[in-house]
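Visitor: predicted structure and sequence below. I'll ask about it afterward.
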Amino acid sequence: MATTAQIAKSNKKPKYSTRRVRRCWRCGKQRSFMRKFELCRICFRELADKGEIPGIKKSSW
């Protein structure tokens, strides 16, 4: 979990666009972030397993 100071810092507009910090909207994690869903891999998997992300289902073969 990200601290409130880290979240506040990442919400500020950066000096350069490459310094932008993208965070998961559920837990605040910045690593292993998926831009398309705005989630980290752990939250993505939890929501996908529950069926809460439309169009995503578990692959099996």
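Guide: The structure has been received and is ready for your questions.
Visitor: mind listing what's buried along stretch 35-43?
Guide: Across stretch 35-43, burial judged by 16 or more other C-beta atoms under 10 Å covers 37, 39-40, 43. Backbone N, C-alpha and C define where each C-beta goes, glycine included.
Visitor: would a markdown table of those with secondary structure, distance to R22 and pLDDT be doable?
Guide: Converted to a markdown table, the buried residues of stretch 35-43 look like this (DSSP: H, G, I helix; E, B strand; the rest coil; distance: C-beta to C-beta, whole Å; pLDDT from 0 to 100):
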| residue | secondary structure | distance to R22 | pLDDT |
| --- | --- | --- | --- |
| F37 | coil | 11 | 93 |
| L39 | strand | 10 | 94 |
| C40 | strand | 10 | 94 |
| C43 | helix | 13 | 94 |
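Visitor: of these, closest to I53?
Guide: Proximity of the buried residues of stretch 35-43 to I53 was ranked by C-beta to C-beta; the top entry is F37 with 6.7 Å.
Visitor: got a list of what that closest one touches?
Guide: Shown in contact with F37 (C-beta atoms under 8 Å, 6 or more residues apart in numbering): 44, 53.
Visitor: by mean pLDDT, point me to the weakest helix or strand of this protein.
Guide: Taking mean pLDDT, DSSP states H and E as the measure, the chain has helix 4-11 as its least confident helix or strand, at a mean of 87.
Visitor: toward the C-terminus, what is the element adjacent to it?
Guide: Per DSSP states H and E, the first helix or strand lying C-terminal to helix 4-11 is strand 33-34.
Visitor: nearest spatial neighbour of L47, chain-adjacent residues omitted?
Guide: Excluding its sequence neighbours, the residue lying closest to L47 (C-beta to C-beta, 6 or more residues apart in numbering) is I53, at 5.0 Å.
Visitor: ok, the one you found touching F44?
Guide: Yes: in terms of C-beta atoms under 8 Å, I53 counts as a neighbour of F44; the distance is 7.3 Å.
Visitor: so for those two, which residue has more residues nearby?
Guide: Taking neighbours as other C-beta atoms under 10 Å, I53 and F44 compare with F44 leading, 20 against 16.
Visitor: could I get the CA-only coordinates of the helix or strand that the more buried one is a member of as PDB?
Guide: Using DSSP H and E, F44 falls within helix 41-50. Taking Å, rounded to 0.1, in the frame of the first residue of the first chain, the C-alpha atoms of helix 41-50 are listed here in PDB:
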ATOM      1  CA  ARG A  41      -1.400  -7.300 -11.900                       C
ATOM      2  CA  ILE A  42      -2.600  -8.500  -8.400                       C
ATOM      3  CA  CYS A  43      -5.800  -6.400  -8.400                       C
ATOM      4  CA  PHE A  44      -6.400  -7.300 -12.100                       C
ATOM      5  CA  ARG A  45      -6.300 -11.000 -11.300                       C
ATOM      6  CA  GLU A  46      -8.600 -10.700  -8.300                       C
ATOM      7  CA  LEU A  47     -11.200  -8.800 -10.300                       C
ATOM      8  CA  ALA A  48     -10.900 -11.000 -13.400                       C
ATOM      9  CA  ASP A  49     -11.400 -14.100 -11.300                       C
ATOM     10  CA  LYS A  50     -14.500 -12.600  -9.800                       C
END
